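# sequence below, structure please.
(chains A and B)
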Amino acid sequence: MSNFIHVLTDNWDIIGPHFWTTIKLFLFAGIGSLVLGTLLTAMRVSPIPALRAFGTSYVLLVRNTPLTLVFALLVFAAPKLGLNIDYVPTARVALIAYTSAFVCEVLRSGINTVPVGQAEAARALGMTFTQVLGSIVLPQAFRTVVPPMMSVLNAMLKNTTIAAGFSVAEAGAIQAYLSERSENQIYVLLWVAIGFLILVLPLIFTQRMLERRWRVAR
Amino acid sequence: MTNVLYDLPGPKARRRNAALGVLSVLGIAALLAWIGWRFYDTGQFDAIKWDQFEYADVQTELLNGYLTTLRAAGTAAVLALALGALLATGRLSDHAILRAPSSFVVELFRAIPLLILIFFAYYGPIQLGFKIGPFWPLVFGLTLYNGSVLAEIFRAGIISVARGQSEAAYALGMRKTQVMISVLLPQAVRAMLPAIVSQLVVLLKDTALGFIIQLPELLYAGKTIGGRGSFLYPYVPAYLIVAAIYIGTCGLLSWFAFWLQKRLSGGRRKIKTTADPVPLTDVTRAV
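Got it, this is the predicted structure:
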C-alpha cells in the first residue's frame, strides 16, 4: 500500500503538470467546441441552403470519423500540406473539430424541444431570424440540453487522453513517462484513473447546479 | 421546427438571402479551393504519391488493416453484448447483492477513459511479466466500456416496455424468468435495436485507439503506407483513403440505425412493440 502512495508522492513533478495540461486542454477545447457547435447549429437551421448543406455534411463526416484519425490527419498529413502546427494547438484543433459535431447534434435536438409557439410569437413581434434564434430559441434550447451536453463534455474530457498518443504531455502520457522511472505501471495507471474520476466531479456538480438554476418553467 | 424560425421571405428578404447564399457559397468554395491549392502546391496530386496504391501488396496491406479493425470490432461487439446483458440483468435484479456491484461496475467503466482501460490491459500484464500482443488489450477495453454502456441501453429498453405487459404476464402465473424471456425481452429488443447499432458504430470507431498501442489495424496501415520515403511520404493520400473507408463503414452502420429508428417510430411497416424507442446514445457519449 505504501508503495502505491509513493508512486504518487515521488512522481508529483510528472503527474501534477500532466494533469494540469489535461485540464487546460479540456477548458480550451470545451469552450471552443461549444462556440463552433453553436455556429454549426445556427448554420443548420438558417434560411440559407448553402450553409445548411455545409453544416449537415460537416456533422455527417465528422460523426463517422474516429477521433484518433482526426489526430492522425492533423499530426501526419497536415505538415505534408505545409501546415506546421505545434502538438498542443493540434490537439486543441482536433478535439474542437470533433466535439463540435456532437455539440451541434445535441443543440439541434434541444431546439426541437422548444415549443413552436415561442418562435411564432417572436416572429409575430417582428423579430428577424438571428433575433429569434439568438434571443428566444437558443437560450431555451441550451437549458433543456444540460444533461446530454454535459455527457458530451465528459466524453471530451476522457478523449483528451488520445492526445497522449500524439506527443502531448497530458494525463494519458503519465504512464509512458513513469515507465522510464521504472515505477509499477499498474499503480501509475490506477492513479491516472483516480485522477479522471476526480476531474469528472466538477462536471457533475456543474450539471446539478445548472439544472437547478436553469429549470425551464413551462 | 426549423421552418418556423423565420418568416416566408418576401421580395426583399429573398434578395438578401440570395446575396448571403452567394457569399456563403463563395466562402465555402474559397475554403475548398485553398485546400485544393495546398494539395497542388505541395504536390499531392503527383502520380508518385498515388502510385503505390496500384500495387497488390499495398492493397493487401490496407485490406489486412481493415480486416484487423473489423476483427477487433466484431470480437469486442460480441463480448460487449454478452457483458452488457449480464450487467443489465444484475442491475434489474430484485436482489440488492447483485444490483449494487453491477451498478458500481457500470458507473466505474463509463467514467474511466477508454484509452486508460486499454493501457491497463496492455501494460498491466507486461508489468506482471506476461507478453501479450495489442489485440486482446484493445478488445478488453472496448468490451468493458461498451459493455457498460450497452447495459444501460438494455436496462432502458426493458424499463420502457409498458407496465401492463409484465403485470398481465405475472397475472397469468408466469415466473420472473418467463416474464423476462417471453414478454419483456422480445418487445424491448425492438425498442433498443437502433441504440444498440449506433453504440456499435461508436465501438467500431474506437478500434482506432489500437493505433496508439501499435495494433496493425487500418489507421496503422495508413501510417505505414504514408511513411514510405521512396514514394515521397504520401501521408495525405494514405490517410484520405483510410478516412474514406472509416466514414463509409461507419456511415453505413449509422444509416442502418437511423433506418431502424424511423421504422420504430411509425410508417407503413412499423415494428410492433409497446416499448418506447431508446434514444440513440452516440449523441450523448460518443465522443
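# residue A:127: how many residues sit nearby?
Neighbours of residue A:127 under the rule other Cβ atoms under 10 Å in any protein chain shown: 19. Every C-beta, even on glycine, is put in place using the N, C-alpha and C of the backbone.
# for it, helix, strand, or coil?
The local conformation at residue A:127, judged by DSSP: H, G, I helix; E, B strand; the rest coil, is coil.
# in this structure it contacts residue A:133, no?
No: shown here, residue A:127 and residue A:133 do not form a contact pair, counting by Cβ atoms under 8 Å, at 9.2 Å.
# residue numbers of the stretch 51-200 of chain B in contact with chain A?
Residues of the stretch 51-200 of chain B lying close to chain A by Cβ under 8 Å from any Cβ of the partner chain are B:111-116, B:119-120, B:123-124, B:126-128.
# now do the same contact list for residue A:160.
A:22, A:25, A:26, A:29, A:91, A:95, A:170, A:171, A:172 (Cβ atoms under 8 Å, 6 or more residues apart in numbering or on different chains).
# change it to 6 Å
A:22, A:25, A:26 (Cβ atoms under 6 Å, 6 or more residues apart in numbering or on different chains).
# mind checking which of those residues land in helices?
Among the contacts of residue A:160, the members falling in helices (DSSP state H) are A:22, A:25, A:26.
# would you map the strands across chain A?
Shown for chain A, no strands are assigned by DSSP state E.
# okay, now the unreliable bits of it?
Along chain A, the parts satisfying pLDDT under 70 run over A:216-218.
# could you redo the last one with a cut-off of 80?
Where chain A drops to pLDDT under 80, the residues are A:1, A:215-218.
# what segments of it are helices?
A:2-10, A:12-44, A:49-63, A:67-72, A:87-113, A:116-124, A:129-131, A:138-144, A:146-159, A:174-180, A:185-213.
# buried residues, the fifth one. List them.
Of the residues in helix A:87-113, those with enough neighbours to count as buried (16 or more other Cβ atoms under 10 Å in any protein chain shown) are A:88, A:90-111.
# with the shortest one instead?
For helix A:129-131, the neighbour count (16+ other Cβ under 10 Å) marks residue A:129 as buried.
# next one: the first one
Buried residues in helix A:2-10, defined by neighbour count with 16+ other Cβ under 10 Å: A:7, A:8.
# please tell me how far it is from the chain's geometric centre.
Relative to the mean C-alpha coordinate of its chain, helix A:2-10 is positioned 32 Å out (Cα atoms, centre = their mean, to the nearest Å).
# mind listing residues that contact it?
So helix A:2-10 is contacted by A:183, A:187, A:188, A:191 (Cβ under 6 Å, 6+ apart).
# most neighbours of all those, which one?
Most surrounded of the contacts of helix A:2-10: other Cβ under 10 Å gives residue A:188, at 26 neighbours.
# that residue contacts residue A:178, correct?
Yes: contact status for residue A:188 versus residue A:178: in contact at 4.8 Å, counting by Cβ atoms under 6 Å.
# next, the angle helix A:146-159 makes with the helix or strand containing residue B:122.
Applying DSSP states H and E as the criterion places residue B:122 in helix B:114-127. Angle between the axes of helix B:114-127 and helix A:146-159 is 30 degrees (criterion: axes from the mean of the first three to the mean of the last three Cα atoms, to 10 degrees).
# residues contacting residue 87?
The chain I'm using is chain A. Counted by Cβ under 6 Å, 6+ apart, residue A:87 has contacts A:167, A:168.
# oops, I was thinking of chain B
Residue B:87 makes contacts with B:102, B:106, B:151, as judged by Cβ under 6 Å, 6+ apart.
# look up how far residue A:157 lies from the last one.
Same thing as residue B:151. Between residue B:151 and residue A:157 the distance is 22 Å, computed by Cβ to Cβ, to the nearest Å.
# same question, the second one
The span separating residue B:106 from residue A:157 equals 19 Å under the rule Cβ to Cβ.
# next: residue A:99.
On the measure of Cβ to Cβ, residue A:99 and residue A:157 end up 10 Å apart.
# apart from its neighbours in sequence, what residue is nearest residue B:151?
Using Cβ to Cβ, 6 or more residues apart in numbering or on different chains and skipping residues adjacent in sequence, the residue nearest residue B:151 is residue B:87, 3.6 Å away.
# same check on residue B:65?
In space, residue B:65 is closest to residue B:221, 2.9 Å off (Cβ to Cβ, 6+ apart).
# next, the buried residues of the helix or strand hosting that neighbour.
Using DSSP H and E, residue B:221 sits in helix B:218-226. For helix B:218-226, a neighbour-count test (16+ other Cβ under 10 Å) marks B:218, B:219, B:220, B:221, B:222, B:223, B:225, B:226 as buried.
# wait, the first one touches residue B:70, no?
In this case it means residue B:218. No: using Cβ under 6 Å, residue B:218 makes no contact with residue B:70, being 8.8 Å away.
# any weak-confidence spans in the stretch 151-287 of chain B?
Using pLDDT under 80, the flagged stretches of the stretch 151-287 of chain B are B:264-287.
# how about the helices in it?
Secondary structure of the stretch 151-287 of chain B by DSSP state H, counting those that start in this stretch: the helices cover B:163-171, B:176-178, B:185-206, B:218-226, B:235-265.
# now for the closest residue to residue B:21 other than its chain neighbours: which residues touch it?
Excluding the flanking residues, the one nearest residue B:21 by Cβ to Cβ, 6+ apart is residue A:48, at 4.9 Å. Residues near residue A:48 by Cβ under 6 Å, 6+ apart: B:17, B:20, B:21, B:24.
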